[in-house]
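Sequence and computational prediction follow.
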Amino acid sequence: MNTTPATAPPGTTAKPAAAGSGEAPAPVTPPHWAEQLTSALREGHATDEILVPTADALRLGGLRALHHWHARTTLPLLAATDPTGRDETTRARTPVGPLIDLHRRAAEGTLAPAAVWAAGLHPVLLATYRRAYPHAAAYAEAHANARDYALANGRTGTEADEYGHTYARLSTTANAEAFATAHADALTPALSQAYATADPAAYTATFPSSQTRATVRAASTAADTPVPSVLHHLATGLATALRERRH
């Protein structure tokens with residue numbers, strides 16, 4: 001009797017079989033990448049009017065619209081969170097500049113090898129996820145816990161507060177770096193392969209909605225911009241890309 005658990009193919013999740021059916025779980029394909037992005041960008045909006053991709057846009061197989069969106073909307077937005085990236089001339093000297101060029105060429109049909117994509121993606125993903133980490137909330141929680149621990153062990157209020165801040169600085173910095181590194185290291189090879197082969201299914205399997213949420217957090221936090229404004233900007237750019245790049 002085979003006791004090996006049934007697993008879903010890469011890029012899918014398993015749908016539980018009916019109880020007692022004796023059947024293996026049926027794989028469920030994640031939503032199309034454009035549908036995932038649409039869902040993430042509609043979060044926080046009162047209506048769905050901002051972004052309504054057409055059925056044709058969602059059926060089309062290529063990733064050119066995605067590259068168009070990254071080159072003209074998401075990456076310039078992230079670059080603007082860094083003073084050196086707000087001007088196109090200086091942006092070329094930041095990690096975002098080369099990645100914008102890769103996406104721009106891919107939008108026109110020129111695909112780079114996976115290794116080239118990896119070199120461009122990793123530093124930008126690392127910076128994005130560092131900014132996306134909830135620093136303020138993590139710091140506050142770490143400080144409160146450490147301060148309570150110090151008070152419980154006989155420290156004065158001043159000593160406990162100082163201990164709490166020291167612990168919070170160290171732990172938040174370390175946790176933010178681990179968070180960013182884990183995401184960048186996991187996403188870089190998956191995205192690089194998807195982009196190098198222009199494979200929509202492979203890109204869909206990277207959970208683009210989660211990446212988009214990280215972009216929103218990074219951009220809104222670093223630039224002190226309200227989340228709805230960031231969502232509106234990204235959604236408008238995606239709608240334009242899907243409308244203009246129907247292939």
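Nice, thanks for sending it over.

Secondary structure element for the residue positioned nearest the centre of the chain, which one?
The centroid of the chain falls nearest to residue 211 when counting by CA atoms, centre = their mean (1.6 Å). Assessed by DSSP states H and E, residue 211 sits inside helix 208-222.

re earlier: and the gap between the residue nearest to the centre of the chain and residue 196?
According to CB to CB, to the nearest Å, residue 211 and residue 196 sit 17 Å apart. No exception for glycine: its C-beta is placed from N, CA and C like everyone else's.

again with residue 134
Shown here: residue 134 relative to residue 196, a distance of 33 Å by CB to CB.

In three-state terms, label residue 66 for me.
Here residue 66 is recorded as helix under DSSP: H, G, I helix; E, B strand; the rest coil.

who are the neighbours in contact with it?
Applying CB atoms under 8 Å, 6 or more residues apart in numbering to residue 66 gives the contacts 33-34, 203, 241.

Run the chain-centre distance for the longest helix seen in the chain.
Taking DSSP state H as the criterion, the chain has its longest helix at helix 157-197. Relative to its chain's centre, helix 157-197 lies at 14 Å (CA atoms, centre = their mean, to the nearest Å).

just to revisit the earlier point, among the contacts of residue 66, which are located in helices?
Taking DSSP H as the definition of helices, those contribute 33-34, 203, 241.

for the protein, which spans come out with low pLDDT?
By pLDDT under 70, the low-scoring segments of the chain are 1-31, 44-62, 82-93, 223, 245-247.

just to confirm, which helix or strand has residue 125 in it?
Secondary structure from DSSP H and E places residue 125 in helix 114-132.

Which elements pack onto that helix?
Helices and strands touching helix 114-132, by 3 or more CB pairs under 8 Å, 6 or more residues apart in numbering; DSSP states H and E, are helix 75-79, helix 96-107, helix 157-197, helix 208-222.

how about TSV for those helices, with distance to residue 117 added?
Formatted as TSV, these follow (distance: least, CB to CB, whole Å):
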stretch	distance to residue 117
helix 75-79	14
helix 96-107	6
helix 157-197	4
helix 208-222	15
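
Deepest in the core, which of the ones you listed is it.
helix 75-79 (a mean of 23; mean count of other CB atoms under 10 Å).

And for that one, what's in contact with it?
85-86, 91, 94, 96-97, 99-100, 103, 124, 127-128, 215, 218-219, 230, 233-234.

ok, so what distance separates residue 40 from residue 210?
Using CB to CB, one gets 8 Å for the distance from residue 40 to residue 210.

and what of residue 98?
24 Å.

follow-up on the earlier one: specify the angle between the longest helix of the chain and helix 208-222 in degrees.
130 degrees (axes from the mean of the first three to the mean of the last three CA atoms, to 10 degrees).

To which secondary structure element type does residue 109 belong?
coil.

burial of the nearest residue to it once chain neighbours are set aside, as a residue count?
The shortest distance from residue 109 to any non-neighbouring residue, by CB to CB, 6 or more residues apart in numbering, is to residue 64 (7.1 Å). Residues within reach of residue 64, counting by other CB atoms under 10 Å, total 19.

Hmm, residue 64 is touching residue 105, no?
No: between residue 64 and residue 105 there is no contact under CB atoms under 8 Å: 10.8 Å.

about what we covered before: check what contacts the helix holding residue 211 and list those residues.
With CB under 8 Å, 6+ apart as the contact definition, helix 208-222 has outside contacts at 33, 36-37, 39-41, 43, 74, 77-78, 80-82, 127-132, 134-135, 183, 187, 225-227, 229-231, 234.

show me what contacts the residue nearest to residue 130 when sequence neighbours are not counted?
With sequence-adjacent residues excluded and distances taken as CB to CB, 6+ apart, residue 130 is closest to residue 180, at 4.3 Å. Residue 180 makes contact with 125-130, 132-133 under the criterion CB under 8 Å, 6+ apart.
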